[in-house]
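K.L.:
what's the 3D shape of this:
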Amino acid sequence: MKQVRCAIYTRKSSDEGLEQDFNSLDAQREACVAYILSQASEGWKLVPERYDDGGLSGGTLQRPALQRLLADVKAGAVDIIVVYKVDRLTRSLLDFSKLVEALDAASTSFVSVTQSFNTTTSMGRLTLNMLLSFAQFEREVTAERIRDKIAASKAKGMWMGGTPPLGYRPEGRSLAIVEEHAALIRDIFARYRRLGNVRHVAEELASEGIITPRRVNGKGRAYGGCLFTRGQLYTILRNPIYAGDIPHKGKVYPGNHPPIIERDEWEGVQFKLSDNVKGRRTAREANASLLSGLLFDAEGQPLIPVHTAKGSQRYRYYVSKAQHHRMEPSLAPALRLPAPEIEKVVCEELNRLLEDPLALARRVGVEIEPRAVEIILQRAASLRADLAKAKHPTIKQLLNRIVIRPDRITLTLSHDWLAGVPGYRDASGPRQATHEIMARLTRTGRVVRLVDESGASKGDVPPDESLIRLVVTARRWWAELSKGELDINALSAREKVSASYMTRVVRLAFLAPGVTEAVLDGRTKAGLSGKELLQRTGISWSWEEQTARFLPGVRE
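P.N.:
Here you go, the predicted model:
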């Protein structure tokens, strides 16, 4: 007779009563063992391994014992699974279909002790599916009742469990103030009212060594004891519980607990937070890419706007489309232009051209009629005002195309800004003209910058943080060496750098004052890098030579 290996699976949804000597899991197993013994004549034999899931819902298959059982089924170690009731395996119809598929693949079936099912027949599967549908329905109705009860309780201002916010502890269906922590919450609100910026609050707390209090959650796990993050501070400042309210699903109800923050103070902080968010949104809109769709390289390939972020700082660039999307390689080198720099250059040049709008109108083929002069002057004044605000539609009226060449920028001027001016429709000349900006491209790391003949940048260039760090490090190391307590070998060992590298860095502590200020302000000659400052040939000790070498517009 063929031996049939039987595994018993038991489950209990809650952990209540599991500590008893004889609990629900034991009762289920006892009934299943008796059933297997009754089938001994058929060759049924119980495997020694136990598969018990206590305190776990049947709404998921992610249960330790069940996963072990399925692994053994897949390995071919089990022929039949014996359960007390079908819903011990699962209460989900979808999960049941997955289980049946896994069992069929391993040629394994299951038996319910209290329900007669034969899963090898279509009628048996239909009956089982209907039963599981009712089990799933019961679980969903129970969940709805629980959700409704929680919503009704919160509407009455009750605390319905979970981790209490900092400054409170649970007290029945309400919250009690922990005065030590509540004082910290009041301090955070006061700092935000004074500073008006969450980042500044976080920095001030960190500088004073104020950390999150250590607490223990409901599972006995300790947390806290670290610096406040901006996310934590936003959560605290936005939490209506501190004003005496209970939030639920986007609604706020009056709570039964005492407030830590007075209502007027709370509403003032919420207004300031919302106002700051609007300010950031306005700033983002102001930083929109003005030249989007207008920029091209010398080969006619478009440059598209991209941005990167470091902390709260956002950096915008125009990059070669082929480079950004990794398309077919171009003969021209890939470009990566700082957006504020090229936008400033173009806007300043357009502003200069609009100083003589009549000449600009003639360049694009518009015949100036006497009655059109005043209209053109007024329109030019309006356009210059819009340029100062960096308005995207204004750029589109003035330009059709911008071509970035190695030694210059070519602007293709548009006539659209003259639409409606008398003489506009009757113009016989070309409706567009080109204008050159003399500027060459200089590469600094991955970024290409625009400079004039003297080497000075054509636009606003932010200070190079790597150069600033080098100068600061040089002065710090020189201050250490000046104390006489460490020589360069000992200090380099402590800082984990070579003595040769430290020597080259320390030389930067003796840069000319003008060069040091230029590094801090971002006014050095375009293309200057830390590699050039640290080259082994060294830099001159002469401040005049340093100035000539590192600052724009100064000849060596």
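K.L.:
drop to CA atoms for contacts and neighbour counts, all remaining ones
P.N.:
Fine.
K.L.:
the helix ranked longest in the chain - contacts with which helices or strands?
P.N.:
In the chain, taking DSSP state H as the definition, the longest helix is helix 122-155. With contacts defined as 3 or more C-alpha pairs under 8 Å, 6 or more residues apart in numbering; DSSP states H and E, helix 122-155 has these neighbours: helix 93-105, strand 245-248, strand 251-254.
K.L.:
can you name the next helix or strand after that helix?
P.N.:
Per DSSP states H and E, the first helix or strand lying C-terminal to helix 122-155 is strand 168-171.
K.L.:
pick the most buried one from the helices and strands packed on helix 122-155.
P.N.:
The highest mean neighbour count among the helices and strands packed on helix 122-155, using mean count of other C-alpha atoms under 10 Å, belongs to strand 245-248: a mean of 19.
K.L.:
next one: that strand to chain centre, how far?
P.N.:
A distance of 27 Å separates the centroid of the chain from that of strand 245-248, by C-alpha atoms, centre = their mean, to the nearest Å.
K.L.:
strands paired with that strand, and their directions?
P.N.:
The strands beside strand 245-248 in its sheet (DSSP bridges) come out as strand 251-254 (antiparallel).
K.L.:
so for the strand it pairs with, mean pLDDT?
P.N.:
For strand 251-254, mean pLDDT rounds to 90.
K.L.:
so which residues make contact with it?
P.N.:
Strand 251-254 is contacted from outside by 154, 155, 156, 157, 240, 244, 245, 246, 247, using C-alpha atoms under 8 Å, 6 or more residues apart in numbering.
K.L.:
relative to residue 544, which of the residues you listed is nearest.
P.N.:
Checking the contacts of strand 251-254 against residue 544 with C-alpha to C-alpha, the nearest one is residue 240 at 62.7 Å.
K.L.:
quick one: contacts for the closest one?
P.N.:
With contact set as C-alpha under 8 Å, 6+ apart, residue 240 has these partners: 246, 247, 252.
K.L.:
likewise residue 317?
P.N.:
Neighbouring residues of residue 317 by C-alpha under 8 Å, 6+ apart: 305, 306, 307, 336, 337, 338, 339, 340.
K.L.:
rebuild the residues you listed as TSV, extending it with neighbour count.
P.N.:
Below are these laid out as TSV (neighbours: other C-alpha atoms under 10 Å):
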residue	neighbour count
305	23
306	16
307	13
336	23
337	24
338	24
339	23
340	19
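K.L.:
please flag which of these sit within strands.
P.N.:
305, 306, 307, 336, 337, 338 (DSSP state E).
K.L.:
please identify which of the residues you listed is nearest to residue 218.
P.N.:
When the ones in strands among the contacts of residue 317 are compared for distance to residue 218 (C-alpha to C-alpha), residue 307 comes out closest, at 43.1 Å.
K.L.:
per-residue confidence at residue 460?
P.N.:
Listed pLDDT for residue 460 reads 50.
K.L.:
same question for residue 33.
P.N.:
For residue 33, pLDDT reads 94.
K.L.:
contacts only, for it.
P.N.:
By C-alpha under 8 Å, 6+ apart, residue 33 lies in contact with 8, 46.
K.L.:
give me that answer again for 10 Å
P.N.:
6, 7, 8, 45, 46, 82, 83, 113 (C-alpha atoms under 10 Å, 6 or more residues apart in numbering).
K.L.:
just the closest of the residues you listed to residue 211, please.
P.N.:
Distances from residue 211 to these, taken by C-alpha to C-alpha, are shortest for residue 8, at 51.5 Å.
K.L.:
okay but the closest one is in contact with residue 85, surely?
P.N.:
No. When contacts are counted by C-alpha atoms under 10 Å, residue 8 is not listed as touching residue 85 (11.3 Å).
K.L.:
ok, and what's touching stretch 130-140?
P.N.:
Stretch 130-140 has contacts (C-alpha under 10 Å, 6+ apart) with 57-59, 86-87, 90-94, 96, 125-127, 129, 141-146.
K.L.:
let's see it as CSV, backbone CA atoms only.
P.N.:
In CSV, the C-alpha atoms belonging to stretch 130-140 read as follows (Å, rounded to 0.1, in the frame of the first residue of the first chain):
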residue,chain,number,x,y,z
MET,A,130,-18.7,29.6,-2.7
LEU,A,131,-17.7,28.9,0.9
LEU,A,132,-14.5,31.0,0.5
SER,A,133,-16.5,33.8,-1.0
PHE,A,134,-18.7,34.0,2.1
ALA,A,135,-15.5,33.8,4.3
GLN,A,136,-14.0,36.7,2.4
PHE,A,137,-17.3,38.7,2.6
GLU,A,138,-17.4,38.2,6.3
ARG,A,139,-13.8,39.4,6.7
GLU,A,140,-14.5,42.5,4.6
